Each structure stands twice: as structure tokens, then as C-alpha cells.
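Trainee: Predicted model follows, preceded by the sequence.
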Amino acid sequence: MDRSSRNRLTERLLPQFPGETLFERLARSVCRAGCLPRKELYEAWEVARRIRRRFRGGRVVDMACGHGLLAYILLLLDDSSSTALAVDRRIPKQAAKLAVCLEECWPRLAGRVEFVERDLIQVALQPDDLVVSVHACGGLTDLVLERAMMVRARVAVLPCCHDLDTGDMGGLQGWLDGPLAQDVLRSTRLRERGYRVYTQQIPGDITPKNRLLLGEPLSP
Ligand SMILES: C[S@@+](CC[C@H](N)C(=O)[O-])C[C@H]1O[C@@H](n2cnc3c(N)ncnc32)[C@H](O)[C@@H]1O
């Protein structure tokens with residue numbers, strides 16, 4: 001199966017996920033909702049697994065959440081996070097359908113993800129939040145990092161759509177390609193602000209924008 005496909009997962013594809021693993025059950029829920037591109041399921045899953053290997057607990061704040069799948073998976077993988085806030089300035093209509101399908105399959109998730117249609121700059125964060133964002137385009141990733149650093153919250157981002165005209169490359173573009181230079185600077189900025197940094201990748205067959213940057217404050 002092409003995991004990078006932008007085709008929507010629909011009930012027609014249910015037979016592709018016949019088993020009882022958590023991922024297959026999740027994939028079947030997403031197929032029933034019928035609103036997400038295949039790639040988004042794999043991205044959110046691979047990002048969430050890696051985040052949960054490092055960071056447990058805390059309120060999840062999924063910035064630029066789209067349909068909010070990442071928030072749901074992070075709760076599924078770690079019940080010690082009791083709630084999630086899913087923030088986007090335009091929540092897609094079908095997010096509600098996805099929520100119904102996921103909550104039907106996992107009733108314990110019901111009511112634990114709150115969707116907020118708002119600019120992410122307007123969301124109040126707390127130090128024990130886990131701030132996450134997948135594909136916050138261009139400078140929006142920097143805003144997510146900045147917001148998290150301001151309250152010294154843990155943060156994880158999968159950047160995309162690097163803007164080579166306005167994004168900071170720190171003069172590194174003679175050695176590194178522009179998007180990589182920007183992500184290196186992002187990790188450096190986290191370190192300078194007293195964060196321990198973890199750099200990882202999700203599988204490149206899902207998306208070429210596969211660099212995952214995680215940071216946790218060394219001290220409160
Ligand atoms: C590429 S989509 C990513 C959606 C989702 N995270 C995913 O991986 O499928 C970028 C999202 O950012 C949202 N967005 C853009 N600017 C924003 C802002 N200032 N505040 C909140 N959301 C924003 C858009 O509405 C869009 O849903």
C-alpha cells in the first residue's frame with residue numbers, strides 16, 4: 001500500500017486493515033469516517049508513537065490540528081493524559097464525523113478532546129501541557145515552538161512547507177539544503193532556551209517532510 005497517498009480512506013478500504021492491532025482498529029475507524037487522506041493516518045500514527053516513547057501525561061494541545069487525529073491517538077496511547085485541546089483556525093466539518101467514529105470504537109475517549117476554532121496565538125498554554133503539531137506550515141511551526149517555550153512546555157513538531165524567502169536559515173544554506181538549515185536552527189533555538197532536544201524521522205515513504213523535532217525543558 002502506498003502510505004503517501006492523498007486518496008481518502010473510505011469503507012471500501014476496510015479489508016486492507018483486517019486485524020486486531022491498535023493500528024488496524026484505528027485505521028478501520030478512520031475508513032468509516034471517510035474524510036482523511038491515507039497519508040494523514042500514517043503520519044499521525046508514526047508521530048504519536050514517537051512522541052509517546054519520550055513524553056507521557058499532560059494535557060495534549062494539538063496546534064493546527066486539522067481533523068484532530070493526532071490528539072486522539074496521543075490519548076489512545078497514553079491514558080494518563082486525561083484531555084486534549086485540538087486547535088485550528090478552521091476546524092474541518094468532517095472532524096466531528098471522525099470524532100464520532102473514534103469514540104464509538106473507544107468510548108473511554110468520549111468528551112476528552114475539545115475542539116477550539118481559534119488562532120493558535122489565542123490559546124493559553126500551561127507548563128505541563130504537551131504541545132504538538134504536524135504540518136504547521138512554514139513559520140507556523142516557529143510560532144508553535146515559541147508558544148511552547150514561553151511556558152516551558154514539552155513540544156513536538158513535524159515541520160513542513162519551509163518558506164525559503166522568509167524562514168531563518170542562519171547562513172547554513174551553503175552547507176545544508178534550506179529546509180534542513182531551518183530545522184537545524186529550530187533545534188538550536190530550543191537548546192539555547194534550555195531544552196533537551198530529540199531529533200527523529202518518521203518513515204520517508206509516508207512523507208518527505210519527515211523530520212520530527214521534540215523538546216523538553218531541562219528545568220521548569
Ligand atoms: C497542513 S494543515 C495540517 C493539519 C493537521 N495537523 C494535519 O497534519 O493533517 C495546516 C492547518 O493549520 C491551520 N492553521 C493555519 N494557520 C493557523 C493559525 N494561525 N492558527 C490556527 N490554525 C492555523 C489550517 O487551518 C490547517 O488546518
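Mentor: Yep, it's here.
Trainee: Going by C-alpha atoms from here, please, whenever you check contacts or count neighbours.
Mentor: OK.
Trainee: Tell me where the model's unsure across this protein.
Mentor: Scanning the chain for pLDDT under 70 picks out no residues.
Trainee: which strands and helices sit next to the longest helix seen in the chain?
Mentor: Longest helix in the chain, counting residues (DSSP state H): helix 38-54. The contact analysis (3 or more C-alpha pairs under 8 Å, 6 or more residues apart in numbering; DSSP states H and E) places helix 38-54 against helix 22-33, helix 69-77.
Trainee: repeat that for 7 Å
Mentor: Packing partners of helix 38-54 (3 or more C-alpha pairs under 7 Å, 6 or more residues apart in numbering; DSSP states H and E): helix 69-77.
Trainee: and the helix it packs on with the ligand, contact?
Mentor: No. Using C-alpha under 6 Å from any ligand atom, helix 69-77 stays clear of the ligand, coming no nearer than 7.5 Å.
Trainee: Quick check: which helices or strands does that helix pack against?
Mentor: Using 3+ C-alpha pairs under 7 Å, 6+ apart: helix 69-77 touches helix 38-54.
Trainee: go again using 8 Å as the cut-off
Mentor: On a contact count with 3+ C-alpha pairs under 8 Å, 6+ apart, helix 69-77 meets helix 38-54, strand 60-63, strand 84-88.
Trainee: most tightly surrounded among the ones you listed?
Mentor: Among the helices and strands packed on helix 69-77, ranked by average contacts under mean count of other C-alpha atoms under 10 Å, first place goes to strand 60-63 (a mean of 28).
Trainee: of all the residues in the chain, which ones are close to the ligand?
Mentor: 40, 64-66, 88-90, 118-120, 133-137.
Trainee: the strands in this structure, which residues?
Mentor: Taking DSSP state E as the test, the strands found in the chain are 60-63, 84-88, 113-117, 130-137, 154-160, 195-201, 211-217.
Trainee: Can you select the buried ones from the residues of the chain next to the ligand in ChimeraX?
Mentor: Buried members of the residues of the chain next to the ligand, defined by 16 or more other C-alpha atoms under 10 Å, are picked up in ChimeraX with:
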select :40,64,65,66,88,120,133,134,135,136,137
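Trainee: distance from the centroid: which residue in this structure tops it?
Mentor: Note on the chain: the largest C-alpha distance from the chain mean falls to G174, namely 30.2 Å (C-alpha atoms, centre = their mean).
Trainee: Give me the distance between that residue and the ligand.
Mentor: To the ligand, G174 is 28 Å away according to C-alpha to the nearest ligand atom, to the nearest Å.
Trainee: same question, L75
Mentor: Note on L75: its distance to the ligand, by C-alpha to the nearest ligand atom, is 16 Å.
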